[in-house]
Every structure is written in structure tokens, then in C-alpha cells.
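Colleague: sequence and predicted structure, then a few things I'm wondering about:
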Amino acid sequence: MNQDFTRGAILSKLIGFALPMLLALFLQAMYGAIDLLVVGRFGISADVSAVSTGSQIMQTVTFMIEGVSMGITVLAGHRIGEGNNKEAGRVIGSGIALFAMIAVGATAVMLACARPLAALMRAPEEAFGRTVSYIFVCSAGMIFIVAYNLIGSIFRGVGNSRVPLMTVAIACAFNIIGDLVFVAGFKLGVAGAALATVMAQGVSVLLSLIIIKRVKMPFRLTRRDIRLRKRIVKRILFLGIPIALQDLLVSISFLVILAIVNSLGLVASAGVGVAEKLCAFIMLVPSAYMQSMSAFVAQNIGAERYDRAKKALLCGILSSLAVGVVMFYVSFFQGDKLSTIFTSDPEVIAAAASYLKAYAFDCILTSFLFCFSGYFNGCGKTMFNMAQGVLGAFCVRIPVSYFVSRIAGVPLFYIGLATPCSTIVQIILCLIYFMITENKKRVGAFE
């Protein structure tokens with residue numbers, strides 16, 4: 001079902017669009033979590049470390065691709081908001097051609113860089129070979145990662161969050177089956193977990209292509225539309241590259257932190273790996289709101305309904321904050337119990353719980369930051385989002401985590417505090433920028 005976000009009740013439409021996206025993100029997070037869960041039950045600590053490090057690297061690449069695809073979401077949403085459906089079809093066609101090129105390039109680069117990336121991440125010696133194996137197998141299926149994010153961006157742009165939910169749900173089921181067969185059954189370990197993930201993503205893409213033919217879209221797409229139009233591709237990249245760079249650099253900052261933690265030993269590495277997997281679930285609600293806000297605001301900016309876009313921002317923050325308070329309690333007080341989902345090692349559980357206590361504060365703070373980010377992306381202010389993300393990552397998160405890690409015997413809690421410190425700085429920057437743009441006649445206009 002495609003939605004018109006320019007009319008009707010704001011909160012109900014925003015939540016109605018965000019819920020399927022939340023479930024889709026939940027199931028998407030299950031990919032790496034299931035790998036870690038099965039490997040943690042049928043493998044050793046070195047396997048857990050390898051999957052956590054390898055999946056972080058693959059997640060960074062996925063975030064980049066997702067960032068570029070957001071350019072399609074915003075531009076298509078803008079054209080649909082204007083009522084220019086023919087141009088929206090051209091945007092989608094150019095996006096398909098562009099992402100076909102991205103898929104080929106990304107696959108070649110990742111296959112060639114599997115070992116250097118594992119070395120760069122300072123993967124523990126016991127887990128190094130396994131980490132390389134995980135990255136290599138996942139990289140071989142890069143075409144499916146690219147295709148999945150492309151399809152998701154198209155449906156978000158037209159206000160449809162249910163189709164991506166359906167496809168990722170089926171893919172998640174296949175990933176569970178694959179992990180049980182390859183890891184628990186054939187004892188393929190880390191390589192088996194990666195193989196199960198790739199096969200599941202392939203199934204997801206094939207099902208998406210079948211569903212697309214049966215879903216009514218608000219635009220007509222022909223074979224002639226699937227080509228690189230310089231004007232449109234330039235606009236997609238103008239909007240998407242800053243988001244991709246932000247996601248890349250922010251993810252790199254987390255990879256740097258993981259590398260810092262890896263240098264503290266195998267237990268710390270595995271503990272943070274488990275905590276990060278849990279954080280992927282804990283942060284699902286603000287992440288869903290960020291993507292939903294981008295699509296919602298983009299249509300209203302296209303329709304020149306700027307006040308409605310701002311009201312959506314307020315509704316998003318308040319409703320996300322309510323969930324954030326609950327997640328704070330769970331993360332701060334129940335971190336040890338959550339960690340037992342992925343490992344039975346007492347030392348790893350204690351390390352993960354310590355790190356999660358710091359992340360608990362971010363559960364509340366990201367309710368503000370992620371909604372602001374989605375709002376500015378929908379307005380086309382992606383350069384600002386990139387700037388505030390990079391400043392937070394490289395001027396706060398990395399320096400704080402590095403200097404704290406130099407203290408002998410420091411608990412992971414204090415290293416983890418670098419993340420909420422960064423989020424506070426980014427929220428301040430967003431508030432300042434929002435007030436500046438409010439003084440302009442057309443808030444958020446990007447054409």
C-alpha cells in the first residue's frame with residue numbers, strides 16, 4: 001500500500017509507516033544476530049569474535065549502500081509530493097542503472113580487501129583466519145546487498161514499508177534454516193554462517209522482484225527509463241553521497257572503537273561484539289523513525305507543506321522518546337541477562353553488560369538525534385547531516401574512547417560512554433542548525 005503523507009493525521013500515518021519498517025529492521029538485524037547466536041552455541045570464543053568483527057565490516061559497507069539509496073528515496077518522494085509521477089519513474093530507472101554499477105564495483109573491492117580489512121581491524125590472532133573467511137563469503141554476495149537496499153529505497157519513496165517487511169521476513173527465515181544446516185549440521189563454522197546470510201539475501205531479492213510485478217506503483221517504469229540520466233544521477237548522488245559518507249565515517253568510528261577494544265584481548269573483543277549485536281536491536285525504534293521521517297518529510301517538502309514536516313518531527317521525537325526510556329531500563333539493568341542470549345561465557349557476559357550500561361544513555365538521546373537526522377535528510381540537507389555525524393564521530397567518539405582505553409584495567413562501561421557523549425554534541429549542532437533554518441522563508445527547501 002503506497003501512502004500520501006501530505007494529508008491526514010500526522011502521528012497515525014508516521015507510526016503506521018514506521019511500524020513495518022521497525023519490524024523489517026528488526027528482522028534485518030536478525031541476520032547478524034542469528035549468525036552470532038548459532039556460532040556462539042556451536043563454536044568457540046574465536047568464532048564469536050570473528051563473526052562480530054566481520055559483520056561489523058559488512059554492516060559498514062551496507063550502511064554506505066543504504067546511504068546512497070536514500071538519495072533515491074528523498075528525490076522520488078519529492079517528485080511524488082509534487083505530483084510529478086512521470087519524473088519519479090525516471091528517478092527510479094536511473095537509480096537502478098546506477099546501482100547496477102555500484103554492485104559490480106563493490107563486489108570487486110570487497111573480495112580483494114577481505115584480508116587487509118581483517119588486519120586493519122586488529123582481529124585477534126586466534127580469530128584472524130575466521131574473520132577473513134566471513135568477509136570473503138559475504139562479499140561474494142554483495143550484489144544481493146545492493147539490490148536489497150535499492151528495492152527498499154524505491155518502496156520507501158512511494159510510502160510503502162510493507163513490501164520490504166515481507167521480503168526480509170522470508171529472508172530471515174531462510175537465514176535461520178541456513179545457519180542450522182551449515183553451522184550446526186555441517187559444522188562449517190564462521191564460513192557457514194556467512195554462506196547462510198548470502199543465500200538468504202539472494203532469496204529476499206528474488207522474492208522482491210516477483211512482488212514488484214504485482215504491486216501497483218504511483219509511476220510507470222519502462223525499460224527505456226532504466227538508464228543513466230546525468231541530471232538525475234547527479235541529483236541522487238548529491239543527496240545520497242553525504243548520507244553514505246556520514247554512515248561510512250560513523251561506522252568507521254565504531255570500527256576504530258572495536259579495533260581499540262580488540263587490542264584489550266579476546267574477552268573484551270567478544271564482549272563488545274555481543275553488546276553491539278544487542279545494540280542493533282535496542283536502537284531499532286529510533287532507526288525506524290529516522291528512515292520513516294526522511295520519506296514523510298520528503299513528500300511534504302515536495303508539496304511545500306513545511307509546517308506539516310515540522311509537526312512530524314515533533315511527533316517522531318515524542319513517540320520515540322517514550323520507547324527510549326524503556327530501552328534505557330532494559331540496557332542498564334538487564335544487560336547481563338540479554339548477553340546470555342548470545343554467549344554462555346561468564347567473562348564475555350560481564351564485559352558485554354558493562355558496555356551496554358553506557359549505551360543505555362544513548363537510548364534516550366538518539367530519540368532526538370535520529371529524528372532530526374531523518375528530518376534534515378527529507379529536507380535535502382544531507383550535507384549538514386554528514387558534517388554533524390563526522391564531527392561527533394571523529395572529534396568526540398574516537399578520542400574519548402581511545403584516551404579512556406589507555407587507562408589500565410578500565411571497565412568497558414567508560415569506553416562505551418564515548419557514544420552518548422558524541423550524541424549530545426550532535427544534538428546541540430542539530431538544534432542550532434534547526435533554529436538557523438527556521439529564520440529562512442522556506443524551511444528545508446532544497447531545490
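Modeller: Great, that's in hand.

Colleague: from here on, contacts and neighbour counts on C-alpha atoms
Modeller: Noted.

Colleague: residues near residue 303, how many?
Modeller: Other residues within reach of residue 303 by the criterion other CA atoms under 10 Å amount to 18.

Colleague: separation between it and residue 437?
Modeller: Computed with CA to CA, to the nearest Å, the distance linking residue 303 and residue 437 is 18 Å.

Colleague: my guess is residue 388 contacts residue 428, does it?
Modeller: No: under the criterion of CA atoms under 8 Å, residue 388 is not in contact with residue 428, lying 9.5 Å apart.

Colleague: the more surrounded of those two?
Modeller: residue 388 (21 against 13).

Colleague: from residue 371, how far out is the residue nearest the centre of the chain?
Modeller: For the chain, the residue lying nearest the average C-alpha position, counting by CA atoms, centre = their mean, turns out to be residue 63 (5.2 Å). For residue 63, the distance to residue 371 (CA to CA) stands at 17 Å.

Colleague: check residue 138 too.
Modeller: Residue 138 sits 31 Å away from residue 371, taking CA to CA as the criterion.

Colleague: again with residue 198
Modeller: Using CA to CA, one obtains 31 Å as the distance from residue 198 to residue 371.

Colleague: look at these two and report which has more neighbours.
Modeller: Counting neighbours by other CA under 10 Å for residue 198 and for residue 371 shows that residue 371 has the greater number, 28 against 25.

Colleague: pLDDT score for that one?
Modeller: You'll see residue 371 listed with a pLDDT of 95.

Colleague: secondary structure element holding it?
Modeller: If you go by DSSP states H and E, residue 371 is part of helix 346-378.

Colleague: give the buried residues for that helix.
Modeller: Neighbour-count burial for helix 346-378 flags 348-378 (criterion: 16 or more other CA atoms under 10 Å).

Colleague: now the helix or strand residue 291 falls within, how far from the centre of its chain.
Modeller: According to DSSP H and E, residue 291 maps onto helix 284-302. Taking the mean C-alpha point of helix 284-302 and that of its whole chain, the gap between them comes to 14 Å (CA atoms, centre = their mean, to the nearest Å).

Colleague: quick one, it and helix 346-378 angle?
Modeller: In this structure, helix 284-302 runs at an angle of 10 degrees to helix 346-378, with axes from the mean of the first three to the mean of the last three CA atoms, to 10 degrees as the basis.

Colleague: can you show me the CA trace of stretch 9-26 as PDB?
Modeller: Backbone C-alpha positions of stretch 9-26 (Å, rounded to 0.1, in the frame of the first residue of the first chain) are rendered in PDB as follows:
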ATOM      1  CA  ALA A   9      -3.400  12.700  10.700                       C
ATOM      2  CA  ILE A  10       0.400  13.000  11.100                       C
ATOM      3  CA  LEU A  11       1.100  10.800  14.100                       C
ATOM      4  CA  SER A  12      -1.000   7.800  12.900                       C
ATOM      5  CA  LYS A  13       0.500   7.900   9.400                       C
ATOM      6  CA  LEU A  14       4.000   8.300  10.800                       C
ATOM      7  CA  ILE A  15       3.600   5.400  13.200                       C
ATOM      8  CA  GLY A  16       1.800   3.300  10.600                       C
ATOM      9  CA  PHE A  17       4.700   3.700   8.200                       C
ATOM     10  CA  ALA A  18       7.300   3.300  10.900                       C
ATOM     11  CA  LEU A  19       6.000   0.000  12.300                       C
ATOM     12  CA  PRO A  20       6.500  -2.200   9.300                       C
ATOM     13  CA  MET A  21       9.900  -0.500   8.900                       C
ATOM     14  CA  LEU A  22      10.700  -1.300  12.500                       C
ATOM     15  CA  LEU A  23       9.800  -4.900  12.000                       C
ATOM     16  CA  ALA A  24      11.900  -5.000   8.800                       C
ATOM     17  CA  LEU A  25      14.900  -3.500  10.600                       C
ATOM     18  CA  PHE A  26      14.400  -6.000  13.400                       C
END
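
Colleague: so residue 180 touches residue 38, yeah?
Modeller: Yes: between residue 180 and residue 38 a contact is recorded at 7.3 Å, counting by CA under 8 Å.

Colleague: and residue 251, how far from residue 205?
Modeller: Distance of residue 251 to residue 205, given as CA to CA: 25 Å.

Colleague: for residue 378, same thing?
Modeller: If you measure residue 378 against residue 205 using CA to CA, the figure is 26 Å.

Colleague: ok, residue 197 next?
Modeller: With the distance defined as CA to CA, residue 197 ends up 13 Å from residue 205.

Colleague: need the contact list for residue 4.
Modeller: 81, 159, 299 (CA atoms under 8 Å, 6 or more residues apart in numbering).

Colleague: buried sites along the host helix or strand of residue 399?
Modeller: For residue 399, the element it lies in under DSSP H and E is helix 398-405. Taking 16+ other CA under 10 Å as the neighbour-count basis, helix 398-405 is seen to contain the buried residues 398, 400, 401, 402, 404, 405.

Colleague: surely the last one and residue 415 touch.
Modeller: Yes: using CA under 8 Å as the test, residue 405 is close enough to residue 415 to be in contact (6.3 Å).

Colleague: any low-confidence regions in the chain?
Modeller: Low-confidence segments of the chain, defined by pLDDT under 70, span residues 1-3, 31-32, 43, 217-219, 221-222, 440-447.

Colleague: how about the strands of it, start to end?
Modeller: Residue ranges of strands cannot be listed for the chain, since DSSP state E assigns none.
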